[in-house]
Each structure stands twice: as C-alpha cells, then as structure tokens.
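S.K.: model the following, please.
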Amino acid sequence: MNGETGRPRRRLRLGALSVALTATLALLCCTGGTAAFFLTELGGDSAEQMTQMSVECTGDFEVNVTGRMPRLSQYGDGQLRNAARIIKVGQDMKVPPRGWVVAVATAMQESGLRNLANRTVAQSGDLPNEGVGADHDSVGLFQQRASWGSVAQRMNPEYAARKFYEKLLTVQEWERLPLTVAAQKVQVSAFPDAYAKHETLAAQIVDALAGGAARTALVAGRQTCDAASGQEIAASGWTAPIAGGVGSGFRTASRPGHNGVDIGAGKGTPIHAAASGRVLVSRCDPDNGGGLSCDVDGYPGKGGCGWFVDILHAGDLITRYCHMVEKPRVSVGQHVDAGEVIGEVGSSGNSSGPHLHFEVHENGDRSSAGAIDPVPFMRTRGAPLRRTG
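M.R.: All right, here's what the predicted structure looks like:
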C-alpha cells in the first residue's frame, strides 16, 4: 500500500523465474557439499512460473508502449503495456534502469500492473479503470493516496509513475538499497517486505520490454551490459561475487557431484554478496573438533566447504560461498546488501588452491537437490561469471 495511515493492502500472488541448467569444464578440486536443509521464509508466494525468455542486452533500451507485448504467463497485454508506460516515464526522466525495476516491482505488488480505481470511483463511472482496489482513497498503478494528487491524476499511469520516480530520486543512495527498502521509502506500506518477491520477475519484464536493460550496471559512468561485478550492481540487483574466471564447472562428466563452480582468484581477494539478503549460515565446514581447522589451507580429500556463507535472497534463492581464508565477516541473521564484502578468498576445506566455490540454489533448498548452474543464472542477471579456457 501507499499512504500515511499504514492501512493494509491485499497481497498479490505472482511467480518466480525458473533457470535452465548447463555445464562447464572441470579444473580446480573442491566440494561445496553440506548437509541437506530446507527453508522457504523469504521470497513469498509460489504460483505460475514466468515463461522462459532469452533476452539479449542490446544497448537499445527504448521501450515501445504501443507495440506488441511479449507473452508472459502471469500477465496480459494490458498489464505489460502498463509496465511499458512506467518504464517509458523512467526513460524520459533519465532515471537509471535500476529505478525501472524498482518501479515495476512496486506496481506489481500494489496493483498487479492494473490501473485500479476505488469503489467510489468505479461506481461513479467517471474514469476508465481496470478493476477495483481498496475501498479507501488509494487508486492507480501504485495505489497512491490523495496527498499524491487528484483522482484523475493518480489514475493517469504516466502521472503516477512520474510521482513515484520523483520521490525515489530523493532517497539517498537508492540504487544501492535492496529493492524492498527503496520501494518502502517511497510507498510507506503496511507490508514493507512485500516488494522483494517481485524483483526477479520485474527485472525480466524490464529486460523483455527494454532490450535487456536490467542486465546493465553503471561502470565508469556508463550503463554497460553484462558487466556487474563486485560493488558494481546490475539493474537486476545482482553482481558477480568476484571477477575471476570459472574453472571447474557445474556437475561435469568427471565431477557430477560438483554443485557449483570454482572461480579462480588470489588469496585474500574480497568476496561480495551476489545480491541483497539475509545470512543463513556462517561457519567452518566441517566443524567436528577433530583437528580439521578451517584456519589453515585445506587439501583434496579433506572434505567440506571450509569457512563458508549461505545467503537467502528474495524469491527463495540461496547463494553459497566456500573456502574462505578466515572466519567470514558476516554472522547468521545479518542482512547484507548486494556487493557487500562478506569474506576473502582462501583455500580452506576440500581445496587444492585459492579460489571461490560459488553455488546458487532455488526453492529455498540448500541441499544438492536445489542447486542450479550459476553460469547461466548469473548471466540472466547481467552479472556473468567468466569462463576460462
């Protein structure tokens, strides 16, 4: 919801993106295996999954509001056209693409991308609308209250989007904030955590409507495709945890139990959180008191992740970071921002040399059953993991 009184808004059920699996070559020796564990507390409702689309980052981000809309399982032509109108206003205002993702995700939560009236306006028949929202004075794509303008103004998608962006731009360092925090500072919602679950799909909608714009990051003052790494965050909200190249790949023929990828880097290289989220695990693996310390370099066959961190992100996605050189900088329950340093590269645990073992899990499943190939996943986020060889 949006407004001064904090009244609750109904929560809309939307889906999440499913990611295809691929494989890469095996070079470094390590394992990311840990005990099976299931968690489904961030990310929100499970419903229809978005139709998988391959959208290249073209550099031509001009959205066509009147053109043919892509086909998405959750949304019809009119809803996507509303998303296009939101993006177009952001483009005209020269708001960076991250703002488009935040705005679209917000409208997904507030109205399901429909231009909603309240009951009084709908019954009067004075203004065209796409359904009835709350019974009080909130209307439009962002369900803005009376303080945001007249009813006619707030039910104009361009006006509503402009007012949203104007307030977003007043939020200090809004581009680096988790989406749900940035949206909440604009909306003042009774459900401040509700926006996060829409981030993945909102980024995909922006990609589909605006030439892959959610895959851009601000690098040296320019929006650049597929270049998010470290503290450079893509408009999707993701970044590559380190800038090294992928050696040992995901579940290769020679290593079918390798549930992540190994990224080569020197000992002590900072490791960045790939997206904002909450720390689930921060410990030594194994931690059995048997003299297998994580504070010394490991070796092939030792077993375990060494010092490692698991982070839960919106959409029930989990990332894992193994073989750190020393105790991680973050603790269980801590909220981290995308790009925040969580530890340093090392060779603890089952490892033949310094590198980061990086995993991505879906459905809140930390076990091997939830693991997916990080390489195609990160590429769709505009934060590619570079292959070597």
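
S.K.: counting neighbours, what do you get for residue 316?
M.R.: Other residues lying near residue 316 total 22 when counted by other Cβ atoms under 10 Å. Quick note: C-beta positions are derived from backbone N, CA and C, even for glycine.

S.K.: make sure it is actually in contact with residue 363.
M.R.: Yes. Between residue 316 and residue 363 there is a contact under Cβ atoms under 8 Å: 5.5 Å.

S.K.: residue 281: neighbour count?
M.R.: When neighbours are counted by other Cβ under 10 Å, residue 281 registers 18.

S.K.: that one belongs to a strand, doesn't it?
M.R.: Yes. Using DSSP: H, G, I helix; E, B strand; the rest coil, the secondary structure at residue 281 is a strand.

S.K.: could you pull out the helices for the stretch 51-200 of the chain?
M.R.: Secondary structure of the stretch 51-200 of the chain (DSSP state H, counting those that start in this stretch): helices at 77-92, 97-111, 119-124, 151-154, 157-168, 179-187, 199-209.

S.K.: okay, now residue 206: neighbour count?
M.R.: Other residues lying near residue 206 total 33 when counted by other Cβ under 10 Å.

S.K.: what's the closest non-adjacent residue to it?
M.R.: residue 214 (4.4 Å; Cβ to Cβ, 6 or more residues apart in numbering).

S.K.: any idea how far residue 264 is from that neighbour?
M.R.: Applying Cβ to Cβ, to the nearest Å, the value for residue 214 to residue 264 is 28 Å.

S.K.: which one of these two has more residues nearby?
M.R.: Set side by side, residue 214 and residue 264 show more neighbours around residue 214, with 32 against 20, by other Cβ under 10 Å.

S.K.: surely the more buried one meets residue 235?
M.R.: Yes. Residue 214 is in contact with residue 235 according to Cβ under 8 Å; the separation is 4.5 Å.

S.K.: between those two, what contacts are shared?
M.R.: Common contacts of residue 214 and residue 235 (Cβ atoms under 8 Å, 6 or more residues apart in numbering): 97, 100, 101, 203, 206, 382.

S.K.: quick one on the thing from earlier: redo the helices of the stretch 51-200 of the chain as a markdown table? Include distance to residue 240 and mean pLDDT.
M.R.: What follows is the helices of the stretch 51-200 of the chain, written out as a markdown table (distance: least, Cβ to Cβ, whole Å; pLDDT from 0 to 100):
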| stretch | distance to residue 240 | mean pLDDT |
| --- | --- | --- |
| helix 77-92 | 25 | 97 |
| helix 97-111 | 17 | 97 |
| helix 119-124 | 47 | 69 |
| helix 151-154 | 40 | 91 |
| helix 157-168 | 26 | 97 |
| helix 179-187 | 19 | 94 |
| helix 199-209 | 16 | 94 |
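
S.K.: make TSV from the ones you listed and add distance to residue 56 to it.
M.R.: Output for the helices of the stretch 51-200 of the chain, formatted as TSV (distance: least, Cβ to Cβ, whole Å):
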stretch	distance to residue 56
helix 77-92	17
helix 97-111	15
helix 119-124	41
helix 151-154	36
helix 157-168	26
helix 179-187	23
helix 199-209	9
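
S.K.: of all those helices, which one is nearest residue 279?
M.R.: Residue 279 lies closest to helix 179-187 among the helices of the stretch 51-200 of the chain, at 16.7 Å (Cβ to Cβ).

S.K.: quick one: low-confidence residue ranges for the stretch 201-350 of the chain.
M.R.: Along the stretch 201-350 of the chain, the model assigns pLDDT under 70 to residues 287-292.
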